[in-house]
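Colleague: Could you look at this predicted model? Sequence included:
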Amino acid sequence: MLFAFVFSFAQGGKKLDKIIKRDYQIIECTIAKMSDKTVEYSLPGETLQISLDVSQIARIDFSSGRSQTFDVSQGNSSPSAGSSGITASEMKTNTIAVLPVPYLNSDTQESSEDMAKFAQNDLYNKLLDKSSNIFPLTVQDLRTTNSLLHKAGIDHSNIDETPIDDLEKILGVDNIVAAKISYTIGTSATSTTYNSGNAKVSNNNKKVTTNDVSTTTSNNQSYYYYTVYFDMYKNRDKIYSQTRKPFLAVKDSWMDSVSYLLKRSPIYVKK
């Protein structure tokens, strides 16, 4: 009876608001105040109010049953009730889009836009090359993908903050491949010494003169240590997620890991 009473009391307790962040974190709370820039809320059992920038929020589900979503466009974080604020493209079924590939130096935490584009292009070409193995999926043209993302204010720097549901609507696809590359660079120095010379012996076989030459050559070798994160989504659901480090520590060896993971993904069929 006591258990039933406690359960009944819990069920009849105050309902909470839910903030769904762009990184998929869900915060159950009581929202106190909202503006076009921030949302202020308090956690259950606390009175302290916490401020959260609306740029980090994907949607709010209020305890009243009303939902409010937030525009994903860059520079425009204003909420719009009952509407996602997303310009949805016409849905193309059995189509897969390749997202920009964040390319991050783990030591400096710097991300290169150029390398993100190169990596995205390499991954795109790899899917095209294996088009017969991923049938019936069609790879969306890279220009179309990047153009739609640009209009929505999304690039390599904020692609991880955008919910997959929003990305599928923006791109008009039902499949997405998302990769991320983290790397560090190591160096080693080697030196090689070459000795050469000649000797001259006098007629009495006692006096020897020499002329030696010694040359040292230094060489610096760079090693790239990659970690590849590889995810696939279908209709908002993550269907495949793997992490792999290439066997060789050479430049562009991350692509070997991508090929390995692609061949073991659910969309790949051996021919």
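Modeller: Looks like it came in fine.
Colleague: tell me, what residue is most central in the protein?
Modeller: By CA atoms, centre = their mean, the chain has its centre lying nearest to residue 180, at 3.7 Å.
Colleague: now that one, what's its secondary structure?
Modeller: Following DSSP: H, G, I helix; E, B strand; the rest coil, we place residue 180 in the strand state.
Colleague: Quick one: residues contacting it.
Modeller: Contact partners of residue 180, counting by CB atoms under 8 Å, 6 or more residues apart in numbering, are 101, 102, 104, 160, 228, 229. Placement of C-beta: from N, CA and C, glycine included.
Colleague: Tell me how many other residues crowd the second one.
Modeller: The criterion is other CB atoms under 10 Å. On that basis, residue 102 has 24 neighbouring residues.
Colleague: can you tell me which helix in this protein is longest?
Modeller: helix 113-129 (DSSP state H).
Colleague: which helices and strands sit right next to that helix?
Modeller: Helix 113-129 sits against strand 92-98, strand 103-105, strand 138-139, helix 142-151, strand 173-201, helix 254-263, with contacts defined as 3 or more CB pairs under 8 Å, 6 or more residues apart in numbering; DSSP states H and E.
Colleague: On the strand side of things, show who the residue nearest to the centre of the chain bridges to.
Modeller: residue 229 (DSSP bridges).
Colleague: before we move on, back to that, scan the contacts of residue 180 and report the most crowded one.
Modeller: In those, the most neighbours by other CB under 10 Å go to residue 101, 27 neighbours.
Colleague: mind listing what the nearest residue to it once chain neighbours are set aside touches?
Modeller: Setting aside the residues directly before and after it, residue 101 is nearest to residue 119 in space (CB to CB, 6 or more residues apart in numbering), at 3.8 Å. With CB under 8 Å, 6+ apart as the criterion, the residues that contact residue 119 are 101, 103, 179, 181, 254.
Colleague: Name the nearest residue to the second one, sequence neighbours excluded.
Modeller: By the measure of CB to CB, 6+ apart, the closest residue to residue 103 outside its immediate chain neighbours is residue 115, 4.0 Å from it.
Colleague: Against residue 222, how distant is the one you found?
Modeller: Per CB to CB, to the nearest Å, residue 115 is found 15 Å from residue 222.
Colleague: Residue 69 too?
Modeller: When residue 69 is compared with residue 222 (using CB to CB), they lie 46 Å apart.
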